[in-house]
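Undergrad: attaching a predicted model along with its sequence, questions to come.
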Amino acid sequence: MTVVRCDQNPIIRPQDIRPSAPGMEVIGVFNAGVARCRGQVVLLVRVAERPTGGDPSVYLTPLYDAEADRIVVHAIPRKPEYDFSDPRVVRTPNRNYLTSISHLRVARSDDGIHFAVDPAPTISPATAYESYGIEDPRITQIGDTYYITYSAISEYGICTALISTDDFATFRRHGNIFHPDNKDVTIFPRAIDGIYYALHRPSCSHYGMPDIWIAESADLLRWGNHRRLIGTREGLWDGGRIGASAVPFEIEEGWLELYHGADPGNKYCVGALLLDKAKPWQVLARCERPIMSPEAACETEGFFGNVVFPCGALYEDGIVKLYYGASDTSIGYAEIALADIMATLVQTS
């Protein structure tokens, strides 16, 4: 497998992003959806921020207050019984909190490498279901409209919400389309026999594993006929958890999905999955080894290291152009030949 990483990686870093307000600092820009719009490459990036300063005896975490329509700062005492071991989450006996809050911001480029990032948030938390922030957008173009799924995080759980745009300047909110806990939703870029399909990753609290499922819809808003697609594989690179990453794209052999997988040690890699073109709930082939693993310094070290996590890819002229989050800190770019990806696939029985 030949992965050609951009020699300018990471192409977008936290220091390239202006904080949304005084007293906030950007700690990560990552997990970007991608599309081509009006001759440009457009990224919708996730920007994670946290408050600066404060009393060292408390941990400051930001929350969106829907009633006041503003970000507030909540102070968590550093008690011994509170768990601060995960840099992403603070766990208390009564409630868990994220250590940062995320919004989405547009970045535009003429060459796909050098991006101009909007100086202010493009899409911010706006409902009670987004009080912990909004994360990890995926962009599906259907006709002239771009449909964007993203994770809406709150004390009620993780929902998936939908917005749409024609120009990445004005947006229409369509509300939550998958109830908690569900994330990693990617919508196929065309209807198949009049039906739209989406991959999603429900979280099972009792018996199941964090597997990839497929659902269908007639209108992109109401989803049903949920079916399990693939599961984790014990002892392999994706034995801990999996989820859809990039929007599936159509090739001669079927639908190719680039998905992420993590091992029990939380090392996140990228794999590939081939689905039937007419019956996308049927898996034709799956990789046994990842097509991309964290290797570069920006991928192995950072806020949450050993992570390559793509939310967007462009397939053009036989090349998969991958925009990926590196260690929950920055955005990298890499190219992989489709032929190399296809060579990793093993036909399923």
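TA: Perfect, I can see it now.

Undergrad: tell me where this protein has helices.
TA: For the chain, applying DSSP state H gives helices covering 297-300, 338-343.

Undergrad: just the CA coordinates for the longest one, please, in PDB.
TA: This means helix 338-343. Extracted in PDB, the C-alpha atoms of helix 338-343 (Å, rounded to 0.1, in the frame of the first residue of the first chain):
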ATOM      1  CA  LEU A 338      -7.800   3.200  -6.100                       C
ATOM      2  CA  ALA A 339      -6.000   0.200  -7.500                       C
ATOM      3  CA  ASP A 340      -3.900  -0.100  -4.300                       C
ATOM      4  CA  ILE A 341      -7.100   0.100  -2.100                       C
ATOM      5  CA  MET A 342      -8.800  -2.600  -4.200                       C
ATOM      6  CA  ALA A 343      -5.800  -4.900  -3.900                       C
END
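
Undergrad: buried ones in it, by neighbour count?
TA: 338, 341 (16 or more other C-beta atoms under 10 Å). In this view, the C-beta of every residue, glycine as well, is placed from N, C-alpha and C.

Undergrad: quick one: mean pLDDT over that helix.
TA: Mean pLDDT, computed over helix 338-343, is 97.

Undergrad: which other helices and strands does that helix contact?
TA: Applying 3 or more C-beta pairs under 8 Å, 6 or more residues apart in numbering; DSSP states H and E, one finds that helix 338-343 makes contact with strand 319-326.

Undergrad: strands along the stretch 151-300 of the chain, start to end?
TA: Using DSSP state E, counting those that start in this stretch, the strands of the stretch 151-300 of the chain run over 157-165, 172-178, 182-187, 196-202, 212-217, 224-230, 241-244, 249-251, 254-262, 268-275, 283-287.

Undergrad: tell me which strands the fifth one pairs with, and in which orientation.
TA: When pairing is defined by DSSP bridges, strand 212-217 lines up against strand 196-202 (antiparallel), strand 224-230 (antiparallel).

Undergrad: most tightly packed of those strands?
TA: strand 196-202 (a mean of 24; mean count of other C-beta atoms under 10 Å).

Undergrad: next, the angle from that strand to strand 254-262.
TA: Interaxial angle of strand 196-202 relative to strand 254-262 (axes from the mean of the first three to the mean of the last three C-alpha atoms, to 10 degrees): 10 degrees.

Undergrad: how far is strand 196-202 from where the chain is centred?
TA: Remark: strand 196-202 is offset 14 Å from the chain centroid, using C-alpha atoms, centre = their mean, to the nearest Å.

Undergrad: quick one: contacts of that strand?
TA: 149, 160, 178, 181-188, 208, 210-220, 223, 226, 229, 242-244, 248, 257, 280-281 (C-beta atoms under 8 Å, 6 or more residues apart in numbering).

Undergrad: Val307: how many residues sit nearby?
TA: For Val307, the neighbour count with other C-beta atoms under 10 Å is 24.

Undergrad: Cys287 is nearest to which of the helices of the chain?
TA: helix 338-343 (7.8 Å; C-beta to C-beta).

Undergrad: who's in contact with the nearest residue to Arg5 once chain neighbours are set aside?
TA: If the residues on either side of it in the chain are set aside, Arg5 comes closest to Ala334, at 4.7 Å by C-beta to C-beta, 6 or more residues apart in numbering. By C-beta under 8 Å, 6+ apart, the residues touching Ala334 are 3-6, 9, 292, 321-322, 324.

Undergrad: got it, and Leu60?
TA: 50-51, 54, 73-76.

Undergrad: pLDDT weak spots in the chain?
TA: Within the chain, the stretches with pLDDT under 70 are 205, 349.

Undergrad: in it, which residue is closest to the centre?
TA: Nearest to the geometric centre of the chain sits Asp136, at 3.1 Å (C-alpha atoms, centre = their mean).

Undergrad: any idea how far Gly235 is from it?
TA: Asp136 sits 27 Å away from Gly235, going by C-beta to C-beta, to the nearest Å.

Undergrad: same question for Cys37.
TA: Per C-beta to C-beta, Cys37 is found 42 Å from Gly235.

Undergrad: before we move on, what about Arg105?
TA: On the measure of C-beta to C-beta, Arg105 and Gly235 end up 39 Å apart.

Undergrad: what's the answer for Arg286, then?
TA: Distance, Arg286 to Gly235, by C-beta to C-beta: 15 Å.

Undergrad: show me which of the two is the more surrounded one.
TA: More crowded of Arg286 and Gly235, by other C-beta under 10 Å: Arg286, with 20 against 7.

Undergrad: can you pull the contacts of the closest residue to that one other than its chain neighbours?
TA: In space, Arg286 comes closest to Leu273 once its chain neighbours are excluded; the distance is 5.2 Å by C-beta to C-beta, 6+ apart. Residues in contact with Leu273, defined by C-beta under 8 Å, 6+ apart, are 230, 256-259, 283, 285-287.

Undergrad: could you flag which of these are buried?
TA: Among the contacts of Leu273, those scoring as buried are 230, 256-259, 283, 285-287 (criterion: 16+ other C-beta under 10 Å).
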